[in-house]
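**Student:** quick one, fold the following:
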Amino acid sequence: MSKSVLITGATRGIGLALAQKYVEDGDLVLVGTRDLNRGLDVVDELRADGGQARLLQIDLMDHGSVMQAGQWIGEQFGKLNLLINNAGVFDDHDIQASHEDSESLHQTFDVNVLGTYLVTQQIKGCR
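**Tutor:** Predicted coordinates for the structure are as follows:
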């Protein structure tokens with residue numbers, strides 16, 4: 001039985017590898033990305049061999065975007081079988097914490113903690 005899977009940050013690295021694996025297994029993958037053009041390229045790649053993939057533009061720094069994504073998923077699918085919160089930011093970690101600027105720290109926290117939390121809450125609401 002195929003599953004519906006949302007993978008945030010699905011256009012490169014681990015997220016892309018997971019998307020490829022789930023598509024190979026016959027699942028429908030929602031390619032979660034903030035980069036529309038790259039997302040469309042990935043969806044085309046995943047569909048090239050007959051896979052099921054759809055684009056979901058979502059920006060974890062934009063809480064409105066997260067809310068809209070949750071609403072769209074609810075309308076389109078009713079629920080998801082699996083959420084993989086893969087998106088995140090990773091700044092240059094050669095910088096010592098004592099030299100990190102507060103704006104960069106806020107951005108990292110907003111995406112990696114608050115954004116992930118909001119996505120989880122929105123998807124939970126779709127069930």
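
**Student:** helix or strand with the lowest mean pLDDT in this protein?
**Tutor:** Lowest mean confidence among the helices and strands of the chain (mean pLDDT, DSSP states H and E): helix 102-109, at a mean of 78.

**Student:** so where do the strands sit in this structure?
**Tutor:** For the chain, the strands defined by DSSP state E cover 4-8, 28-33, 52-57, 82-84.

**Student:** now, of these, which is deepest in the fold?
**Tutor:** Mean neighbour count (mean count of other C-beta atoms under 10 Å) peaks for strand 28-33 among the strands of the chain, with a mean of 26. (Glycine included, C-beta is placed from N, CA and C.)

**Student:** neighbours around the nearest residue to Arg38 once chain neighbours are set aside, how many?
**Tutor:** If the residues on either side of it in the chain are set aside, Arg38 comes closest to Thr11, at 4.6 Å by C-beta to C-beta, 6 or more residues apart in numbering. Per other C-beta atoms under 10 Å, the neighbour tally for Thr11 reads 24.

**Student:** do the same with the one 10 residues further on
**Tutor:** Using other C-beta under 10 Å as the criterion, Lys21 is surrounded by 12 other residues.

**Student:** relative to Leu83, how far out is it?
**Tutor:** Relative to Leu83, Lys21 is positioned 16 Å away (C-beta to C-beta, to the nearest Å).

**Student:** wait, Val43 touches Leu56, no?
**Tutor:** No: the pair Val43 / Leu56 is not scored as a contact, 9.7 Å apart, by C-beta atoms under 8 Å.

**Student:** joint contacts of these two?
**Tutor:** Listed as contacting both Val43 and Leu56 by C-beta atoms under 8 Å, 6 or more residues apart in numbering are Val31.

**Student:** now do the longest helix seen in the chain, average pLDDT.
**Tutor:** Using DSSP state H, we find that the single longest helix of the chain is helix 63-77. For helix 63-77, the mean pLDDT works out to 91.
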